[in-house]
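# Next comes the sequence, and after it the predicted model I'd like to discuss.
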Amino acid sequence: MTGPSSRPLDAGLRHQLQPLFDRVVIKELDSDRVRRSGLVVPPGSHEPPPQQGIVLAVGPGLDWWEHVGVSMPVRPGDHVVFPATAGAWVEVDEERLLVCRVSELLGILNEAPGPPDG
């Protein structure tokens, strides 16, 4: 029997991980990145700081969501924050990606409006 699951992955091709149900695929941003706010998590903290990443792909949501008017709250390209303990890390084409449930995300980072000119 042949089919998509019986083919080996070709090392010469790029692959895209499509999440199922209410899961999202996230590429983590460099955790050592300096934030403009100057916020620094002190060394020796017992809890790892939240991580940041860019959403690469989103699943279709859960079956019952459509019936109650709920849609996926994130979309590809969103800059999100998630706890260090979220989801599962996978490697696709030598790239480390996080797959987690959308409910594990802490929020979406949007640019704050600047001070009014005046």
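Structure received.
# Kindly provide the distance from the spatially most central residue of the chain to residue 67.
For the chain, the residue whose C-alpha lies nearest the mean C-alpha position (C-alpha atoms, centre = their mean) is residue 26; its distance is 2.6 Å. In this view, residue 26 and residue 67 are 27 Å apart by C-beta to C-beta, to the nearest Å. No exception for glycine: its C-beta is placed from N, CA and C like everyone else's.
# For the strand or helix carrying residue 80, which outside residues touch it?
For residue 80, the host element (DSSP states H and E) is strand 79-82. With C-beta atoms under 8 Å, 6 or more residues apart in numbering as the contact definition, strand 79-82 has outside contacts at 24, 26, 29, 50-55, 74, 98, 100, 104-110.
# What strands line up against that strand, and which way round?
Each strand paired with strand 79-82, and its direction, by DSSP bridges: strand 51-58 (antiparallel), strand 107-108 (antiparallel).
# Out of those strands, which is closest to residue 14?
Across these, the minimum distance to residue 14, taken as C-beta to C-beta, is reached by strand 51-58, at 12.4 Å.
# any idea of the mean pLDDT for the closest one?
Regarding strand 51-58, the rounded mean pLDDT is 94.
# which residue sits closest to the residue nearest to the centre of the chain in space, ignoring its chain neighbours?
With C-beta to C-beta, 6 or more residues apart in numbering as the measure, residue 53 is the residue that lies nearest to residue 26, at 4.0 Å, once sequence neighbours are left out.
# contacting residues around residue 87?
Residue 87 sits next to 23, 26, 98, 99, 100, 101, 104 when contact means C-beta under 8 Å, 6+ apart.
# do that again at 10 Å, thanks
For residue 87, the contacting residues are 19, 23, 24, 25, 26, 97, 98, 99, 100, 101, 104, 105, taking C-beta atoms under 10 Å, 6 or more residues apart in numbering as the criterion.
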